[in-house]
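Q: Sequence first, then the predicted structure:
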Amino acid sequence: MMRTLFLGTVALAALSVAPAQAQVAASSRPGPAPGPVAAADTDDSLEIIVTAQKRSERLQDVPVAVSVVSGDMLARQGALSLEGAQYLVPSLNFRKSGTSINQSLFLRGVGTSTFSIAGEPSVSTVLDGVVLSRAGEAFSDLVDIERIEVLRGPQGTLFGKNSSAGVVNIVSKRPGDVLGGFAEGGLYLGNGTEYRARGAIDVPLSDNARSRITGFYGKYDGNIFNDAAGINRRVNGYERYGVRGMVEADIGESAKLTVIADWRQANDDCCAEVIGTAPTGVGALALAGINFQGDETRTIRQNLVTRTEETSWGLSAQLDAELGTQTVTSITAYRNYANREIRDGDWIGQPIAGIPQLHDDGPQTGSTFSQELRLTSPADQFVSYVLGAFYSHAVSERTFTRNVVSCNPAPAVAAVVPCGAAGAPPTSLFSGTANFGSTFDNVAVFGQSTINFSDRLRGIVGLRYTIDNLSVFHRRVTTPNVAGIPGVNRNFDQGVFNTSTPANINGDPLASNGAPFTTATNADNLSGKAGLQFDVNSDVMAYGTYSRGYKGPAYNIFFNLNANGTNVIAPETADSYEIGLKNVLFDGSLILNLAGYYAKYKNFQANNPDLVAGVVITRFTNAGDISTRGGELDLVWRPVTDFTITGGLAYTDARVDRFNAPPGAAVVPVGTPLAFAPKWKGSLGADYRWRTGAAVDLAFGVQASTQSSQLSLFDASALVRQQGLIDAYSLVDLQFAVVEKDDRFRLQFVVKNLFDQSFPAQITNGGPGGSLRYLIPREADRYFGVTGRYNF
């Protein structure tokens, strides 16, 4: 307890290393500005430009709670993905999972956790204006990023249906007008060796056309050791590489075309779940020799390496054209995503008598075509507006196979007996394969206007009308039929629901399997936004808004689908109220933004305890009603040239208001906190550059974040919830850099997790012998790094 309090105090008192988040617009070309660039180090004022309302505006003029993190900050912190960004944005949390396809983001305590191929995230991720329709696509490497804008609370009016909790808007760096670029390499040591290389080059194509090519490569051994026979190496690492190309072309004096293409390959042997608590019975014997130390466990014994093989690519074209005083924007995009999940589902090193071996292999493919059209008026008229239309067609398909090796011990045998050995009966081998998929079609029209009643008072009105069509299919076949195999779960396959009756909704396990299941649904919705904003003076703006959020219908389509899981999951809606105060103080050197909010979610889409053949499992359902309320603070302060302080603090109270429990299942009590929603979370930090007057300058920094305890296991049982409680923890990073005076090169040294604070990213029950399983992130160990960068 004292350690946690000490580290929490250190974290809140420390200063994070971060280049200034201050940014200024840098474009006179037509259409929305291509994105901000870092403010000059000699400029002590702060000016942050965002596109949170689909036009380039000063952050201080936007009546939305927005956190902005610069790409340079992410790079210097060593943040590879949005998982790392969570330590810089207090309202943002990340649910780690065995593979990237099942990971998810949470904002203000609200997110979507599901294994279903027919469910969407509630935190939308937008990359260069293109909505990413699948949660897994959002966790690609953040390379050559200009900034990340985190919009908190429902953003359905301008960003659509899968933004009921918020939006993460990622903006890549744009091409420059002259030949130039950078090359960077990094080496990180400590609990596994990691190599990183990345670079970019700007190539002018003509007086009116520019291009930028970015490439990256990274490889990491992993932070967990798998000592199973035949493996005996580190896991939880990765090997990733990719490339992105961007071309901007001025078309005459009134239009600009931006074309972006990207490709990425990821081979992650992540994320193995360590068994953190001692099992009982055969499970304990099977894992004998592993030191069970809760979240400090770093050894597993699994004879299949859990991993993900992923390929993704995309192509987009954005046209911005001036028509009189209006700007027309068209964004056409296609994205392709392929993910193969390979998973050890028994968490032991060999099939033994009494514990079936479960090995899963689930390749998934997906493609999305989207088209957005917008008409944007000038901002300086009585009624300024953004009008638009959006269409998306997203198709996903998965073939998931579970291979099982099973045998039972002979009577009176109380030891680890490998299947097929003396003392164990003949081994039973069977396999189940399910082919399933979904098609989402979404059409919407939207508009949001600002009514300038006076120079100081403005009104905000917005509406979005959405039509959703969702169709799904599922077919599962087991070879041989599992009926009659002693000890095998009968719901492994039941032909989905073709043999169900009122008395046996899960179907007849003795019947033939493989009957296909298809269904479809549609929904429409009118959501919107209304509010007022008032300039108290030239440096202080106050606002209050009401927003209606919406997330479309879903189905629980996954491998082990049964009859009681074939119902449609109704759309989720949110009513959110937010007040905020945005301040520019001390002659523009300090930005201090405050926000308070309350949001009520109905028909909340979430994993929910359910019963199948008398066994409690989790199922994607309308879990009930929840609410979240809290307050947030963001600050950027540059008291003197070359010294920047950044920070944030979030208080979040997200809880259950009404719980839908299936027949026979326990009810999660009203008032139970939501998972991955710490009540307190904060970050604070600074970056100082000492200009020596010599050939090189010196830079110093420290980054700290802290959070209170949070639930990982969301269950009706208080005991189970307590077992899945992630304790409070704090992280502190240090940095030192040698920087050439004109920024041509930078040599940086970093210490990550200075106090070696161990913590789990997730705790799950259901391990062998009733044990708990822990996911341990890289950030849970102290490690060291050196990075060299050359700008040309």
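A: Nice, I can see it. Numbers count the residues shown, from 1 in each chain.

Q: switch to C-alpha atoms for all contacts and neighbour counts from now on
A: OK.

Q: three-state assignment of residue 450?
A: State at residue 450, reduced to three classes by DSSP: H, G, I helix; E, B strand; the rest coil: strand.

Q: What residue, apart from its backbone neighbours, is nearest it spatially?
A: Closest residue in space to residue 450, ignoring its immediate chain neighbours: residue 460 at 4.7 Å, by Cα to Cα, 6 or more residues apart in numbering.

Q: which stretches of the chain have low pLDDT?
A: Within the chain, the segments meeting pLDDT under 70 span 1-45, 135, 410-414, 480-513, 563-564, 608-618, 662-665.

Q: what helix or strand is the residue nearest to residue 450 on?
A: Secondary structure from DSSP states H and E places residue 460 in strand 457-479.

Q: And that strand, what does it pack against?
A: helix 156-159, strand 428-452, strand 517-537 (3 or more Cα pairs under 8 Å, 6 or more residues apart in numbering; DSSP states H and E).

Q: okay, those, which one's buried deepest?
A: Counting by mean count of other Cα atoms under 10 Å, helix 156-159 has the highest mean neighbour count of the helices and strands packed on strand 457-479, with a mean of 27.

Q: any residues touching it, and which ones?
A: Helix 156-159 is contacted from outside by 53-54, 124, 162-164, 167, 446-448, 462-464, 527-529, 548-550, using Cα atoms under 8 Å, 6 or more residues apart in numbering.

Q: coming back round to it: quick one, which of the helices and strands packed on strand 457-479 gets closest to residue 144.
A: helix 156-159 (23.8 Å; Cα to Cα).

Q: List the pairing partners of the next helix or strand along the chain from the closest one within its sheet, with orientation.
A: The C-terminal neighbour of helix 156-159 among helices and strands, as given by DSSP H and E, is strand 166-172. The strands beside strand 166-172 in its sheet (DSSP bridges) come out as strand 123-127 (parallel), strand 145-152 (antiparallel).

Q: would TSV of those with mean neighbour count and distance to residue 630 be doable?
A: Output for the strands paired with strand 166-172, formatted as TSV (neighbours: other Cα atoms under 10 Å; distance: least, Cα to Cα, whole Å):
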stretch	mean neighbour count	distance to residue 630
strand 123-127	24	18
strand 145-152	23	12
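
Q: possible to save those strands as JSON lines with distance to residue 478?
A: Below are these laid out as JSON lines (distance: least, Cα to Cα, whole Å):
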{"stretch": "strand 123-127", "distance to residue 478": "36"}
{"stretch": "strand 145-152", "distance to residue 478": "45"}
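
Q: so which of these comes closest to residue 756?
A: Closest among these, using Cα to Cα: strand 145-152, at 28.0 Å.

Q: Identify the residues contacting that closest one?
A: For strand 145-152, the surrounding residues in contact (Cα under 8 Å, 6+ apart) are 35-37, 50, 52, 64-72, 91, 107-108, 165-174.

Q: what ranges do the strands span in the stretch 251-400 of the chain?
A: Assigned by DSSP state E, counting those that start in this stretch, the stretch 251-400 of the chain shows strands spanning 255-268, 274-275, 299-300, 307-323, 326-344, 357-376, 383-406.

Q: so which of these is the most packed in?
A: Of all the strands of the stretch 251-400 of the chain, strand 274-275 carries the top mean neighbour count, a mean of 30, counting by mean count of other Cα under 10 Å.

Q: Mind listing residues that contact that strand?
A: Contacts to strand 274-275, defined as Cα under 8 Å, 6+ apart, come from residues 292, 294, 297-300, 347, 767, 771-776.

Q: try stretch 321-333
A: Identification of contacts with stretch 321-333 by Cα under 8 Å, 6+ apart yields 30-31, 129-130, 254-256, 314-320, 368-378.

Q: ok now that stretch, how far from the chain's centre?
A: When distances are taken as Cα atoms, centre = their mean, to the nearest Å, stretch 321-333 is centred 31 Å away from the chain's centroid.

Q: Now that residue 247 has come up, it's in contact with residue 212, right?
A: Yes: contact criterion Cα atoms under 8 Å: residue 247 and residue 212 qualify, at 6.6 Å.

Q: Pull up the overlap in contacts between those two.
A: What both residue 247 and residue 212 touch, as defined by Cα under 8 Å, 6+ apart, is the set residue 175.

Q: tell me, what residue is most central in the protein?
A: Geometric centre of the chain, nearest residue: residue 105, 3.7 Å, by Cα atoms, centre = their mean.

Q: before we move on, which element is that one in?
A: Residue 105 is part of strand 104-107, with elements assigned from DSSP H and E.

Q: Just the buried positions in that strand, please.
A: For strand 104-107, a neighbour-count test (16 or more other Cα atoms under 10 Å) marks 104, 105, 106, 107 as buried.

Q: ok, the residue nearest to the last one when sequence neighbours are not counted - contacts?
A: Closest residue to residue 107 in three dimensions, ignoring its sequence neighbours and counting by Cα to Cα, 6+ apart: residue 92, at 4.9 Å. Contacts for residue 92 (Cα under 8 Å, 6+ apart) come out as 86, 105, 106, 107, 108.

Q: ok, so of those, who is nearest residue 697?
A: residue 86 (30.1 Å).

Q: Spit out the contact partners of that closest one.
A: Residue 86 is in contact with 92, 93, 94, counting by Cα under 8 Å, 6+ apart.

Q: Could I get the buried residues of strand 104-107 in TSV, plus columns for distance to residue 272?
A: Formatted as TSV, these follow (distance: Cα to Cα, whole Å):
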residue	distance to residue 272
104	17
105	20
106	22
107	26
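
Q: Could you single out the nearest of the residues you listed to residue 364?
A: Lowest distance from residue 364 to the buried residues of strand 104-107 (Cα to Cα) belongs to residue 104, with 17.2 Å.

Q: Would you confirm that the closest one contacts residue 121?
A: Yes: counting by Cα under 8 Å, residue 104 touches residue 121, with 7.2 Å between them.

Q: Would you reformat the strands of the stretch 251-400 of the chain as CSV and include distance to residue 204?
A: Compiled in CSV, the strands of the stretch 251-400 of the chain are given as follows (distance: least, Cα to Cα, whole Å):
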stretch, distance to residue 204
strand 255-268, 14
strand 274-275, 51
strand 299-300, 51
strand 307-323, 19
strand 326-344, 23
strand 357-376, 28
strand 383-406, 32
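
Q: so which of those comes closest to residue 434?
A: Per Cα to Cα, nearest to residue 434 of the strands of the stretch 251-400 of the chain: strand 383-406, 5.3 Å.

Q: on contacts alone, who are the packing partners of that closest one?
A: Using 3+ Cα pairs under 8 Å, 6+ apart, the elements in contact with strand 383-406 are strand 357-376, strand 428-452.

Q: Please save the CA atoms from the first one in CSV.
A: Provided in CSV are the C-alpha atoms of strand 357-376 (Å, rounded to 0.1, in the frame of the first residue of the first chain):
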residue,chain,number,x,y,z
GLN,A,357,-6.0,-30.0,-24.9
LEU,A,358,-7.7,-27.1,-26.8
HIS,A,359,-5.8,-25.6,-29.8
ASP,A,360,-7.6,-22.9,-31.9
ASP,A,361,-6.9,-21.6,-35.4
GLY,A,362,-9.1,-18.8,-36.6
PRO,A,363,-8.2,-16.9,-39.8
GLN,A,364,-10.5,-13.9,-40.5
THR,A,365,-10.7,-11.7,-43.6
GLY,A,366,-12.5,-8.4,-44.1
SER,A,367,-12.9,-5.6,-46.5
THR,A,368,-14.6,-2.1,-46.2
PHE,A,369,-15.6,0.4,-48.8
SER,A,370,-16.6,3.8,-47.7
GLN,A,371,-17.6,7.1,-49.3
GLU,A,372,-18.1,10.4,-47.5
LEU,A,373,-19.2,13.7,-49.0
ARG,A,374,-19.2,17.0,-47.1
LEU,A,375,-20.0,20.6,-47.8
THR,A,376,-18.4,23.1,-45.4
